[in-house]
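> A structural model of the following input is requested.
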Amino acid sequence: MSNSTEIDFQKINVRKLEEGDNLSCFNCTQEDEMGLDEFIHKEALYYRQSRLGITYLFFYEKKKVGFITLSMGDIRAEQIEKGKKMPVNIKTYPALYVGRLAVDNQYRKRKIGRFITQWCIGFALNISEQVGCRYITLHTTKPRIPFYEKCNFSSAMGEESHPTVLMYLKVILQSEAG
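Numbers count the residues shown, from 1 in each chain. So this is what the prediction gives:
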């Protein structure tokens, strides 16, 4: 399949990774410094069974094109709101943590990663009505920062010495948007 073929995002389906899923054709080894290919093939089911993270598979025309692994997390207030006065003393904010996000090599550069990120934002908005969820957070490598910045994520303060960068996005409810 050519990388120039337009994707009809209405045709993308999402479901949780299940035992017995055949992932042998899924390949995200291109520029895989975070070990995403090894994770989806060897670790993702263990993460689900142990409740360390739930992986969601993204399908386009019945082909696996990407995945995202989500878990709960938090972010320290000092990393995002330096000097901001709050009505209560908040040390950390609850966050949805993106542990892994990958797109199959055949589907790169076709906005599927951005679609998965937007899906994640919608997911966070939905759960924020049930449990506290103020931010979405993730760790990424420096070469991936521009991608997440295009998706409106910001780099957290105080992460300069780490090999990965903590990034975050505020979950904004309709009542806060206007």
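> next helix or strand past the helix or strand containing Gly66?
According to DSSP states H and E, Gly66 maps onto strand 63-76. Moving toward the C-terminus from strand 63-76, the next helix or strand (DSSP H and E) is strand 92-103.
> buried stuff in that following strand?
Buried residues in strand 92-103, counted by 16 or more other Cβ atoms under 10 Å: Tyr93, Pro94, Ala95, Leu96, Tyr97, Val98, Gly99, Arg100, Leu101, Ala102, Val103. (Each C-beta comes from the backbone N, C-alpha and C, glycine too.)
> repeat that for stretch 136-152.
By neighbour count on 16+ other Cβ under 10 Å, the buried set for stretch 136-152 is Ile136, Thr137, Leu138, His139, Thr140, Arg144, Tyr148, Cys151.
> okay, those residues in CSV with distance to Glu33, secondary structure and pLDDT next?
What follows is the buried residues of stretch 136-152, written out as CSV (distance: Cβ to Cβ, whole Å; DSSP: H, G, I helix; E, B strand; the rest coil; pLDDT from 0 to 100):
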residue, distance to Glu33, secondary structure, pLDDT
Ile136, 21, strand, 97
Thr137, 19, strand, 97
Leu138, 15, strand, 96
His139, 12, strand, 94
Thr140, 10, strand, 93
Arg144, 9, helix, 92
Tyr148, 15, helix, 96
Cys151, 19, coil, 95
